[in-house]
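Chemist: Could you look at this predicted model? Sequence included:
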Amino acid sequence: MKKIALLYLSLLIINCSGTMPSVGEEVSAEVNEKAQEVAKTEEVAVETFTIQEPESPPIPVSVFEPYMIKRGDFLTKIALREYGDASMWEDIYSWNVDEIGSDPNKIYPYNFLSLKRESSNARGCEPEFFDYTIQSGDTAWNLAQRVYGDELAWVIIYMDNAKLIKSNDGVLQPGTTFQMRKKLDPCN
């Protein structure tokens, strides 16, 4: 009985300390053999796992969209209408300083500004066109008044047909077919 108690005590000490104590000569050989057998049969299984960090939401991507300047527009009015914050006029100006120039008060109807939007809110408006054959006496000015109801919209007619107009030295030649927008600003 003493031998069994010593054996269990030795195993307990070995398991706790990892070293073999010196108990006495008569038990030490037996304990040493038993301990080695136990150590061979007992394996420690360690499970490893990876902790996955939660995915962060994607960073919104910003895009620039064209904005057609309307009659009576100024930067604070555009900022208020488009962003709900009139103070964003400075951002609009900084995004468009090359087009506007040094004076932010000088913007012109039917020209375009670039406005920043999150890509998920982008409208992606594309104009639709119809063919119009130039008649004798047509000018961009009176054509804009007749088709769009505003003579200042001649700018749009020019932008949409610049190659044809330039190839005719700026003269609207009767019989030439122009592309005219069905709607001046397809986003409105």
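Modeler: Now that the structure is in, tell me what you want to look at. Numbers count the residues shown, from 1 in each chain.

Chemist: Count the neighbours of residue 127 for me.
Modeler: By other C-beta atoms under 10 Å, the residues close to residue 127 number 16. For every residue, glycine as well, the C-beta is placed using N, CA and C.

Chemist: Now do the contacts for it.
Modeler: By C-beta atoms under 8 Å, 6 or more residues apart in numbering, residue 127 lies in contact with 160, 181-183, 186.

Chemist: Distance check, the residue lying closest to residue 139 once chain neighbours are set aside against residue 110.
Modeler: The spatially closest residue to residue 139, leaving aside those adjacent along the chain, is residue 172, at 6.4 Å (C-beta to C-beta, 6 or more residues apart in numbering). Per C-beta to C-beta, to the nearest Å, residue 172 is found 18 Å from residue 110.

Chemist: do residue 173 as well
Modeler: 23 Å.

Chemist: So for these two, which sits in the more crowded spot?
Modeler: residue 110 (21 against 13).

Chemist: correct me, but the more buried one touches residue 184?
Modeler: Yes - counting by C-beta atoms under 8 Å, residue 110 does reach residue 184; the two are 7.4 Å apart.

Chemist: What is the burial count for the residue lying closest to residue 61 once chain neighbours are set aside?
Modeler: Once flanking residues are discounted, residue 61 sits nearest to residue 119: 4.4 Å by C-beta to C-beta, 6+ apart. Residue 119 has 11 neighbours, counted by other C-beta under 10 Å.

Chemist: Fine, thanks again, bye for now.
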